[in-house]
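**Q** only geometry, no sequence info:
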């Protein structure tokens, strides 16, 4: 079985009943994985490059974020995107959504710009989150300190979705929060956030 066939089988199996993916979407996610593995040899993007683990921990968990975005959200910003998670899969899974990925590491931002060629609805901002300017409906993030993301979310977004470990989810409090289990590696924590004025 080819890597692509295995990737597709695993991804479709886990997303069955959650999100229907077209062939082009699966292909874009697979091409992202191939690109990530290649770039990872010279740039530490992720420790997870094994196909099966990457499908589960990177792509499925990120697509779960996409599947659970409130219907009113038209734009999201991914804080500390790194290798593109959850932002890249969210952009693939929701092609009508405007996705901005924020990554201050210039080499990782270069990777994200190349990965951005695989989707039409993703923009890369190579800045630190503290100086990020703009307004988005939603703020998403993974593997970034939750309190930092909430601080940014309060300034630039109306809603926050975090992929965090269960340990990090303990003690997170923000009005209207909902915690939804999404995978072996973490939980999706969502909340409406009041904008700073």
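**A** The structure has been received and is ready for your questions. Treat the numbers as computed from the prediction; the structure is a model and nothing was measured.

**Q** Report the secondary structure element holding residue 154.
**A** According to DSSP states H and E, residue 154 maps onto helix 146-156.

**Q** now that helix: mean pLDDT?
**A** For helix 146-156, mean pLDDT rounds to 85.

**Q** Give the buried residues for it.
**A** Buried residues in helix 146-156, counted by 16 or more other C-beta atoms under 10 Å: 146, 149-150, 152-156. (C-beta placed from N, C-alpha, C; glycine too.)

**Q** With respect to residue 63, which of the residues you listed is nearest?
**A** Of all the buried residues of helix 146-156, residue 63 sits closest to residue 149, with 19.5 Å by C-beta to C-beta.

**Q** my guess is the closest one contacts residue 139, does it?
**A** Yes - between residue 149 and residue 139 there is a contact under C-beta atoms under 8 Å: 6.5 Å.

**Q** Then residue 162 would be within a strand, right?
**A** Yes - when DSSP: H, G, I helix; E, B strand; the rest coil is applied, residue 162 is found to be in a strand.

**Q** From residue 79, how far off is it?
**A** In this view, residue 162 and residue 79 are 9 Å apart by C-beta to C-beta, to the nearest Å.

**Q** quick one: common contacting residues for residue 149 and residue 139?
**A** Residues touching both residue 149 and residue 139 comprise 79, 160, with contact defined as C-beta atoms under 8 Å, 6 or more residues apart in numbering.

**Q** Do you have the strands of this structure handy? List them.
**A** In the chain, the strands defined using DSSP state E lie at 75-79, 98-102, 122-125, 138-142, 159-164, 178-181, 187-192.

**Q** Contacts made by the second one with the rest, please.
**A** If you take C-beta under 8 Å, 6+ apart as the criterion, strand 98-102 is touched by 74-81, 84, 87-88, 90-91, 112, 116, 119, 121-125, 127, 129, 132, 134, 136.
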